[in-house]
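Trainee: Return atomic coordinates for the entry below.
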Amino acid sequence: QVQLVESGGGLVQAGGSLRLLCAASGRTFSTYNMGWFRQAPGKEREFVAVISWSGDNTYYADSVKGRFTISRDNAKNTVDLQMNSLKPEDTAVYYCAARSRNSGITYNERAYDYWGQGTQVTISS
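Mentor: Have a look, this model is predicted:
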């Protein structure tokens, strides 16, 4: 089992940057593929990015490709989301999630086993 805690959210102007951090408990962090999702007010939660357990493979939603970068440090049990060139439409609560590496990589939020509590990101125009 793993517990996830996100941090790093805040209020920034459009065009700015933020770096989100997800810290995981437990010794088995490297056995999980890790994803970032977000939920804007009045909308369903959506996929943002995912990184494989080894860090070798990353995938992004089209809406963030080229602006966001997901990375992980298995020694520190952390996964980061560097967000650049932020837009007002990036405003949302951002969640990290874990899925067993044996189950493969997926964009489907229902397939993730563990979730953090979320961190608010607000982009002003």
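Trainee: Touching, residue 79 and residue 97? I think so.
Mentor: No. If you go by C-beta atoms under 8 Å, residue 79 and residue 97 don't touch, sitting 9.8 Å apart. Glycine gets a C-beta too; all of them are placed from N, C-alpha and C.
Trainee: Can you work out which residues contact both of the two?
Mentor: 34, 36 (C-beta atoms under 8 Å, 6 or more residues apart in numbering).
Trainee: Looking only at neighbour counts, state which of those two leads.
Mentor: Each of residue 79 and residue 97 has its neighbours counted (other C-beta atoms under 10 Å); residue 79 has more, 30 against 23.
Trainee: what's near enough to touch the more buried one?
Mentor: With C-beta under 8 Å, 6+ apart, residue 79 has these contacts: 21, 22, 24, 34, 36, 51, 70, 71, 72, 73, 96.
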